[in-house]
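Trainee: Fold the following for me, if possible:
(2 chains)
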There are 2 protein chains.
Amino acid sequence: MSAADVARVRALVCDVFGTVVDWRGGVARAFEALGRAKGVAADWPALADEWRAGYQPAMQRVRTGDLPWTNLDALHRMILDPLLSRHGLDLSEAETQHLNTAWHRLDPWPDSVPGLTRLKRRFVIGTLSNGNVGLLVDMAKHGGLPWDVVFSAELVRHYKPDAETYRSTYALLGLEPHEVMMVAAHTGDLEAARGYGLRTAFVARPREHGAGRPPAPVAPDAFDVVVGDFEALAQVMGA
Amino acid sequence: MSAADVARVRALVCDVFGTVVDWRGGVARAFEALGRAKGVAADWPALADEWRAGYQPAMQRVRTGDLPWTNLDALHRMILDPLLSRHGLDLSEAETQHLNTAWHRLDPWPDSVPGLTRLKRRFVIGTLSNGNVGLLVDMAKHGGLPWDVVFSAELVRHYKPDAETYRSTYALLGLEPHEVMMVAAHTGDLEAARGYGLRTAFVARPREHGAGRPPAPVAPDAFDVVVGDFEALAQVMGA
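Mentor: This next block holds a predicted model:
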């Protein structure tokens, strides 16, 4: 990406789960805290993985129209209830509700806040997440994420990678597609964004699925920018 | 409003033009700067008033369906073009476009940023404005307004006081109506919000329409909270 192209970027919109915050560690810790209170032991990171494994199929039911619009808090709950049953975890409604909102309280990766704080000085920075607005706002308060604007699948009632999500960012900001850069740790998200004319930045998150389960490597020229964390992204973007 | 009611409030959503920023002063200065560059003199605050006078009628055309959804930048431009003609102001397209976005660069009243910064520590703080998203994001960057979330008429394609605007705030945050407080310097906005179950805070802005043109006084018990500025609001709300 040339210096001239960088200079044209006005806004960065970021995938959140995995890219900005550590969902697996945070959800595993939420299970573990409940297990400790109940005197139950289990492979909590595996339960986090199992919960997350229901995520794409649930969104796919919305994308295909099998389910009417349903936000992510509600999808998470639809996946969680049978998961708890399968594992014989008997929680009260209040405990289940608290666990379901563990996704609102995920911690940022260590570089996310310093890198975003630098980027915010030069660019509009926002989310572009399948998380619902309330989830994203709570998460920002919890982790100190300095978003200028919260873009969510919920605003357009379509989940990524539906076109409406990517298009809403530049349309609502009054920008051209190439003035917006999608930032994600997932190649599919970036490929979709590129298809709608957005710039793309890949941020590697080798520990998203736990140590020893790194995703396939990404070539340095696979996207406009390929970096190892948000501080490196700020550096490349001149922020 | 009792301490128990205050404790239930989770989010404050703020009207922006007049309540958080000084639109009249800012727009008058934008006209004046152009006039100086062109060697033209005029009553610039009166031109700001004239532009603003077209605001409610233009939104009304959208509310009634006479116009399809049109965002505020576009409505502002529809009002501005004939205004420039009436006053014999001959501007280039670039000059007109720059003037039209004067609303993106309005300065906050002196208490807005310190008061909002205090409120942000305890509450979710957001806009709820008829301004479009890009306008509100630009304005926040310009003035350092520390919003957690940007709610706009543009997200629901309805202008205040249509129900969809107020309802979108608590629906998107996953809250009950009484957990959201509408903050405005305009009684009509607050009365509408109250009608949908929101809490209400009136912030007096006696100079919104210029010195010597104060709006009618508001009784101390007319809304849940009646204060003189955002720092007093933070005080009352325990932030």
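Trainee: Near A:Val137, how many other residues are there?
Mentor: Using other C-beta atoms under 10 Å in any protein chain shown, A:Val137 has 26 neighbouring residues. No exception for glycine: its C-beta is placed from N, CA and C like everyone else's.
Trainee: Surely it touches A:Val150?
Mentor: Yes. The criterion here is C-beta atoms under 8 Å, and A:Val137 meets it with A:Val150 at 6.2 Å.
Trainee: so what sits against both of those two?
Mentor: Common contacts of A:Val137 and A:Val150 (C-beta atoms under 8 Å, 6 or more residues apart in numbering or on different chains): B:Asp148, B:Val149.
Trainee: Can you tell me which residues in chain A are near chain B?
Mentor: Residues of chain A lying near chain B by C-beta under 8 Å from any C-beta of the partner chain: A:73, A:124, A:132-135, A:137, A:140-141, A:147-150, A:154-155, A:172-175.
Trainee: Can you list which of those residues are found in helices?
Mentor: A:Asp73, A:Val133, A:Gly134, A:Leu135, A:Val137, A:Ala140, A:Lys141, A:Glu154, A:Leu155, A:Leu172, A:Leu173 (DSSP state H).
Trainee: show me the contacts for the last one.
Mentor: I take that to be A:Leu173. Per C-beta under 8 Å, 6+ apart, neighbours of A:Leu173: A:Arg10, A:Ala11, A:Val124, A:Val149, A:Glu179, A:Val180, B:Val133, B:Gly134, B:Val137.
Trainee: now those residues in JSON lines, with distance to A:Ala42 and pLDDT?
Mentor: Shown next, in JSON lines, are the contacts of A:Leu173 (distance: C-beta to C-beta, whole Å; pLDDT from 0 to 100):
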{"residue": "A:Arg10", "distance to A:Ala42": "46", "pLDDT": "98"}
{"residue": "A:Ala11", "distance to A:Ala42": "42", "pLDDT": "98"}
{"residue": "A:Val124", "distance to A:Ala42": "42", "pLDDT": "98"}
{"residue": "A:Val149", "distance to A:Ala42": "39", "pLDDT": "98"}
{"residue": "A:Glu179", "distance to A:Ala42": "47", "pLDDT": "98"}
{"residue": "A:Val180", "distance to A:Ala42": "42", "pLDDT": "98"}
{"residue": "B:Val133", "distance to A:Ala42": "44", "pLDDT": "98"}
{"residue": "B:Gly134", "distance to A:Ala42": "47", "pLDDT": "98"}
{"residue": "B:Val137", "distance to A:Ala42": "44", "pLDDT": "98"}
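Trainee: Save those residues as TSV, and put in distance to B:Val27 too.
Mentor: Formatted as TSV, these follow (distance: C-beta to C-beta, whole Å):
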residue	distance to B:Val27
A:Arg10	24
A:Ala11	25
A:Val124	23
A:Val149	24
A:Glu179	26
A:Val180	28
B:Val133	20
B:Gly134	18
B:Val137	19
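Trainee: B:Asp107: which of these is nearest?
Mentor: B:Val137 (16.1 Å; C-beta to C-beta).
Trainee: residues in contact with that closest one?
Mentor: A:Val124, A:Asp148, A:Val149, A:Leu173, B:Val150.
Trainee: Now do the residue of chain A most remote from its centre against B:Asp22, distance only.
Mentor: Taking C-alpha atoms, centre = their mean as the measure, the residue most remote from the mean C-alpha position of chain A is A:Gly39, 31.5 Å away. As judged by C-beta to C-beta, to the nearest Å, A:Gly39 and B:Asp22 stand 60 Å apart.
Trainee: try A:Asp90
Mentor: According to C-beta to C-beta, A:Asp90 and B:Asp22 sit 58 Å apart.
Trainee: who has more neighbours, those two?
Mentor: Ranked by neighbour count (other C-beta under 10 Å), A:Asp90 and B:Asp22 place B:Asp22 first, with 20 against 11.
Trainee: Can you give me every residue that contacts the more buried one?
Mentor: B:Leu106, B:Asp107, B:Pro108, B:Trp109, B:Arg207, B:Glu208.
Trainee: Helix or strand next in line after the lowest-mean-pLDDT helix or strand in chain A, which one?
Mentor: Here the helix or strand of chain A ranked lowest by mean pLDDT, DSSP states H and E is helix A:3-8, holding a mean of 86. Once the chain leaves helix A:3-8, the next helix or strand it forms, by DSSP states H and E, is strand A:11-14.
Trainee: Sheet-wise, list the partners of that following strand with their directions.
Mentor: Sheet pairing of strand A:11-14 (DSSP bridges) gives strand A:124-129 (parallel), strand A:180-184 (parallel).
Trainee: Packed most tightly, which of those would that be?
Mentor: strand A:180-184 (a mean of 29; mean count of other C-beta atoms under 10 Å in any protein chain shown).
Trainee: Tell me the gap between it and the middle of its chain.
Mentor: 12 Å (C-alpha atoms, centre = their mean, to the nearest Å).
Trainee: now do stretch A:68-85
Mentor: For stretch A:68-85, the distance to the chain centre is 17 Å (C-alpha atoms, centre = their mean).
Trainee: related to what we said a few turns ago, give the buried subset of the ones in helices among the residues of chain A next to chain B as a PyMOL selection command.
Mentor: Those of these that count as buried under 16 or more other C-beta atoms under 10 Å in any protein chain shown are selected in PyMOL with:
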select buried, chain A and resi 73+133+134+135+137+140+141+154+155+172+173
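Trainee: still on that earlier bit, switch the contacts of B:Val137 over to a markdown table; also include distance to A:Met78.
Mentor: Converted to a markdown table, those look like this (distance: C-beta to C-beta, whole Å):
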| residue | distance to A:Met78 |
| --- | --- |
| A:Val124 | 34 |
| A:Asp148 | 32 |
| A:Val149 | 28 |
| A:Leu173 | 32 |
| B:Val150 | 29 |
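Trainee: Specify which member of those is nearest to A:Leu116.
Mentor: Closest to A:Leu116, out of all of the contacts of B:Val137 and judged by C-beta to C-beta, is A:Asp148, at 9.9 Å.
Trainee: Tell me how many other residues surround that closest one.
Mentor: With other C-beta under 10 Å as criterion, A:Asp148 counts 23.
Trainee: just A:Thr117 next, same as before
Mentor: Applying other C-beta under 10 Å, we find 17 residues neighbouring A:Thr117.
Trainee: Buried residues, the particular helix or strand that has it in it. List them.
Mentor: A:Thr117 is part of helix A:112-122, with elements assigned from DSSP H and E. Within helix A:112-122, the residues that count as buried by 16+ other C-beta under 10 Å are A:Ser112, A:Val113, A:Gly115, A:Leu116, A:Thr117, A:Arg118, A:Leu119, A:Lys120.
Trainee: Check what pLDDT the closest residue to A:Val21 other than its chain neighbours gets.
Mentor: Residue nearest to A:Val21 in three dimensions, not counting chain neighbours: A:Leu106, with 4.0 Å by C-beta to C-beta, 6 or more residues apart in numbering or on different chains. A:Leu106 carries a pLDDT value of 98.
Trainee: those helices in chain A, which residues are they?
Mentor: A:3-8, A:23-38, A:44-53, A:55-63, A:72-86, A:93-100, A:112-122, A:133-143, A:153-156, A:163-173, A:187-195, A:230-236.
Trainee: Make CSV from the ones you listed and add distance to B:Asp189 to it.
Mentor: Formatted as CSV, those follow (distance: least, C-beta to C-beta, whole Å):
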stretch, distance to B:Asp189
helix A:3-8, 38
helix A:23-38, 39
helix A:44-53, 42
helix A:55-63, 34
helix A:72-86, 29
helix A:93-100, 33
helix A:112-122, 30
helix A:133-143, 22
helix A:153-156, 22
helix A:163-173, 22
helix A:187-195, 37
helix A:230-236, 38
